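Peer 1: Here is my input; please provide its structure:
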Amino acid sequence: MEESNEQDPKPSTLRWKILRQALLSHPQQSDNKSQSQEIINRISRKGKGNQTFDLIPCHLHHLPTTNSLSEYEGLLSDVCYCYSLPTSNSARNLFVFQRGGNRASISDFEICNKHDIDNTGLVCPWPSEEVLSYYCLSHADMFRSKTIIELGAGYGLAGLVVAAVSEASEVVISDGNPQVVEYIQRSIGANPGAFGNTIVKPKLLHWNDEEIMTLSNKFDFIIASDCTFFKEFHKGLVQTVKSLLKDSGPSEAIFFSPKRGDSLNKFLEEVRESGLHCCITEQYEERVWKRHQEFMKGDQSWSSYEADHCYPLLLKISR
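Peer 2: A predicted model of the protein is given here:
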């Protein structure tokens with residue numbers, strides 16, 4: 001029994017191990033860095049390899065570096081990915097900055113405590129964000145001349161995709177983590193001319209923030225991915241959706257979220273109790289569904305794939 005517990009510790013235990021190592025380890029202790037990376041992989045279920053739905057082609061865009069960087073400093077450097085967005089005419093490149101090395105630092109935990117947020121948006125672009133981005137890319141016409149906000153955006157891939165391909169009136173890409181918002185700002189600046197006449201703004205937005213009232217009834221669409229995992233944030237998230245959606249004319253929130261135990265069902269309960277309407281769809285895009293079936297049949301490119309944890313369902317929320 002003790003051996004089983006050692007093999008499958010709770011995620012909370014793994015996170016405490018990361019924090020402990022961040023406090024105690026020296027930058028050059030490679031064994032500790034390797035162990036931290038293994039723990040992060042187990043928490044995120046990323047593991048080894050390219051564990052995505054493989055929907056939008058992307059590659060690492062090499063940035064100029066200085067020879068003065070040590071090996072450890074190199075691990076802490078940012079990276080930039082170039083996404084190739086297919087359009088009616090040709091592929092369009094979109095550059096997105098993110099933190100390199102899947103690392104966590106003490107300051108991350110301090111900021112999370114200060115702002116009452118989690119730091120999952122700093123880890124990586126999550127598979128649900130990839131699916132949301134692909135869905136928005138495939139349904140770009142519905143965003144034309146509309147106002148859109150992405151909530152809990154992380155590195156903001158979906159919001160940037162909408163801004164680049166849809167001819168939206170305005171796209172606000174928001175997150176509650178100020179570190180993440182800095183990356184979003186950097187990505188917007190790295191794509192001059194990519195957004196045409198669309199106004200694109202980064203925004204620091206906490207779901208319990210009074211500033212939400214200044215944005216009341218402003219948006220035709222809200223988009224979000226993997227934002228329903230933490231139950232303590234459900235009420236604030238639902239009230240934010242209710243406040244931000246336009247109350248005149250059609251408006252809609254588009255969420256992509258895996259079930260993750262009873263977390264998604266608890267969120268849906270909160271939605272219904274608020275008076276909002278919600279419908280949920282399991283099979284929404286042929287390509288995504290095909291990849292899901294391949295993973296369920298044992299495609300080893302995502303060996304840790306579990307439908308409950310990894311496959312995002314489509315939620316549409318309206319007044």
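Peer 1: can we go C-alpha only for contacts and neighbour counts from here?
Peer 2: Will do.
Peer 1: Sketch out the low-pLDDT regions of this protein for me.
Peer 2: 1-50, 64-76, 88-90, 101-104 (pLDDT under 70).
Peer 1: Straight-line length of stretch 224-242, end to end?
Peer 2: End-to-end span of stretch 224-242 (CA to CA, to the nearest Å): 14 Å.
Peer 1: Give me the buried stretch members for it, please.
Peer 2: For stretch 224-242, a neighbour-count test (16 or more other CA atoms under 10 Å) marks 224-229, 231, 233-242 as buried.
Peer 1: Looking at these, which are in strands?
Peer 2: 224-225 (DSSP state E).
Peer 1: which helices and strands does the host helix or strand of Phe267 pack with?
Peer 2: Following DSSP states H and E, the helix or strand that holds Phe267 is helix 263-273. Contact partners of helix 263-273 among helices and strands, from 3 or more CA pairs under 8 Å, 6 or more residues apart in numbering; DSSP states H and E: helix 234-244, strand 277-281.
Peer 1: what's the closest of these to Ile173?
Peer 2: Of all those, it is helix 234-244 that lies closest to Ile173, at 13.4 Å by CA to CA.
Peer 1: and that closest one, what other elements does it pack with?
Peer 2: Partner elements for helix 234-244 (3+ CA pairs under 8 Å, 6+ apart): helix 263-273.
Peer 1: Now name the helix or strand holding Arg260.
Peer 2: Arg260 belongs to no helix or strand, assigned by DSSP H and E.
Peer 1: what do you get for Phe109?
Peer 2: Here Phe109 is assigned to helix 106-115, by DSSP H and E.
Peer 1: next one: that helix to chain centre, how far?
Peer 2: Centroid displacement of helix 106-115 relative to its chain, using CA atoms, centre = their mean, to the nearest Å, is 19 Å.
Peer 1: again, but for stretch 248-259
Peer 2: Worked out by CA atoms, centre = their mean, stretch 248-259 lies 16 Å from the chain centre.
Peer 1: List the buried residues in that stretch.
Peer 2: In stretch 248-259, counting by 16+ other CA under 10 Å, buried: 251-259.
Peer 1: got it, and stretch 92-100?
Peer 2: So stretch 92-100, judged by 16+ other CA under 10 Å, has buried residues 93-100.
Peer 1: again with stretch 198-212
Peer 2: 198, 200-207, 212.
Peer 1: ok, now how distant is the closest residue to Lys266 other than its chain neighbours from Phe267?
Peer 2: Once flanking residues are discounted, Lys266 sits nearest to Lys231: 7.3 Å by CA to CA, 6 or more residues apart in numbering. According to CA to CA, Lys231 and Phe267 sit 7 Å apart.
Peer 1: what does Gly159 give?
Peer 2: Counting by CA to CA, the gap from Gly159 to Phe267 is 23 Å.
Peer 1: by contact count, what packs against the helix or strand that the helix holding Phe109 is followed by?
Peer 2: For helix 106-115, the following helix or strand on the C-terminal side (DSSP H and E) is helix 127-138. Contacts defined by 3+ CA pairs under 8 Å, 6+ apart place helix 127-138 against helix 157-165, strand 221-225, strand 252-257.
Peer 1: returning to what we had before: neighbour-wise, which of Gly159 and Phe267 wins?
Peer 2: Each of Gly159 and Phe267 has its neighbours counted (other CA atoms under 10 Å); Gly159 has more, 29 against 22.
Peer 1: Isn't that one up against Val171?
Peer 2: Yes. With contact defined as CA atoms under 8 Å, Gly159 reaches Val171; the gap is 6.7 Å.
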